[in-house]
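A.B. asks: coords please:
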Amino acid sequence: MSSRRLFLQQTSIAAVAALLSPSHISSALAGNTKTAAVNNIGLQLFTLRDLLNKDVKSVISKVAQIGYNQVETYYGYPGAYTSKGFWGLDAKEFRSLLKDNNLTSPSGHYNTTAFLEKDGTDDVLKRQIETAATVGQKYYVIPALPTTIRKEGTLDDYKAMAAKFNIAADHCKSHKLKLAYHNHNFEFKDQGNGITGYQILLNETDPMVKFELDIFWAINAGLDPLQMFKKYPGRFTMWHVKDMDKNDKDIYTEVGTGRIDYKTILQSVKATNVEYLFVEQDVVKIGPYESITQSINYVKSILSK
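C.D. replies: Numbering: from 1, shown residues only. Below you'll find the model as predicted:
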């Protein structure tokens, strides 16, 4: 399962300010709108997982050379749950590696199953939040729900998840982090009377709980991201930007080469409070560096107009 992307044009400064992180808004107002917007593009490292498992230092260097300014981490790689949990580096070493390459990691996905399951505790959650803070991340992201809920979750299950999200958000707050949830497509299943699990998560969580909208999966499930932004203003502070094959909605492709109209999305969204955009591609069929280069070049071509 995976992710996708969005943005700008027309009302120049207002549009750029909408898609910038707070730290970039002042530079936009000063007239540096194009540079600020382009500097807001990150990469979800899951895209390069096979390469990272072999040589994290060379991969991070290459990502920076291609033009990305941020990276988003993920869980599930060898050693992810050890003291050297970032491909053989600890949190401080990984942060230092990013700094050496003029990169930051504002967001990370963590395995929250031990917390979200029915009798789960928050012990692991607390340690992971501390790790995220050490890396310098601003968002601690729940990447998916437990398998049982993904397959047969009820509205009551989603209500229980929303309550857990609120607890996790409080823990994040104590470390000056924010909690976000990353979707796939199962959350959009109609649970009866037109209500979906995703609606429960949005409606029954505190506004401090944010959402990282995976554009690919939302469209795969039949949703319109633009309508979602209008209905829930301020909740979608991060986006996964990945494209969908023109002939098969379950196949990924480089941003700008598929069926998703990213040009319209990027040009039309002006007031979403989005802070970070992460290019992602779950399955890459060409050279991985060629793939992420194609994607960022397309995104930059839209944001720079």
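
A.B. asks: what's the neighbour count on residue 259?
C.D. replies: 13 (other CB atoms under 10 Å). Just so you know, the C-beta spots here come from the backbone N, C-alpha and C atoms, and that holds for glycine as well.

A.B. asks: pretty sure it is in a strand, no?
C.D. replies: No: according to DSSP: H, G, I helix; E, B strand; the rest coil, residue 259 belongs to no strand; its state is coil.

A.B. asks: so which residues make contact with the helix ranked longest in the chain?
C.D. replies: Using DSSP state H to define each element, the chain has its longest helix at helix 155-173. Applying CB atoms under 8 Å, 6 or more residues apart in numbering, the contact partners of helix 155-173 are 112, 115-116, 118, 120, 122, 125-126, 129, 140, 142, 145, 149, 178-179, 181, 187, 191-192, 195, 197, 200-201, 203-206, 208-209.

A.B. asks: any of those buried? List them.
C.D. replies: With neighbours counted by 16 or more other CB atoms under 10 Å, these contain buried members at 112, 115-116, 122, 125-126, 129, 140, 142, 145, 149, 178-179, 181, 187, 191, 197, 200-201, 204-205, 209.

A.B. asks: restricted to helices, list the residues you listed.
C.D. replies: 115-116, 125-126, 129, 149, 197, 200-201.

A.B. asks: so what does residue 221 look like in phi/psi?
C.D. replies: Backbone torsions of residue 221, given as degrees, to the nearest 10, read phi -90, psi 0.

A.B. asks: and the gap between it and residue 249?
C.D. replies: 10 Å (CB to CB, to the nearest Å).

A.B. asks: now do the shared contacts for these two.
C.D. replies: In contact with both residue 221 and residue 249: no residue, using CB under 8 Å, 6+ apart.

A.B. asks: once you drop chain neighbours, what's closest to residue 102?
C.D. replies: Distances taken as CB to CB, 6 or more residues apart in numbering place residue 64 nearest to residue 102, at 6.0 Å, with adjacent residues excluded.

A.B. asks: return the set of buried residues in the longest helix of the chain.
C.D. replies: Buried-residue list, helix 155-173, by 16+ other CB under 10 Å: 157-158, 160-162, 164-165, 168-169, 171-172.

A.B. asks: what's the answer for stretch 65-74, then?
C.D. replies: Result for stretch 65-74 [16+ other CB under 10 Å]: buried residues 67-74.

A.B. asks: stretch 44-62 now?
C.D. replies: In terms of neighbour count (16+ other CB under 10 Å), stretch 44-62 has its buried residues at 44-49, 51-52, 56, 59-60, 62.

A.B. asks: which helices and strands sit right next to whichever strand or helix holds residue 263?
C.D. replies: Using DSSP states H and E, residue 263 sits in helix 262-268. Packing partners of helix 262-268 (3 or more CB pairs under 8 Å, 6 or more residues apart in numbering; DSSP states H and E): helix 225-231, helix 288-303.

A.B. asks: got the contact list for residue 244?
C.D. replies: Applying CB under 8 Å, 6+ apart to residue 244 gives the contacts 4, 216, 219-220, 251-253, 258-260.
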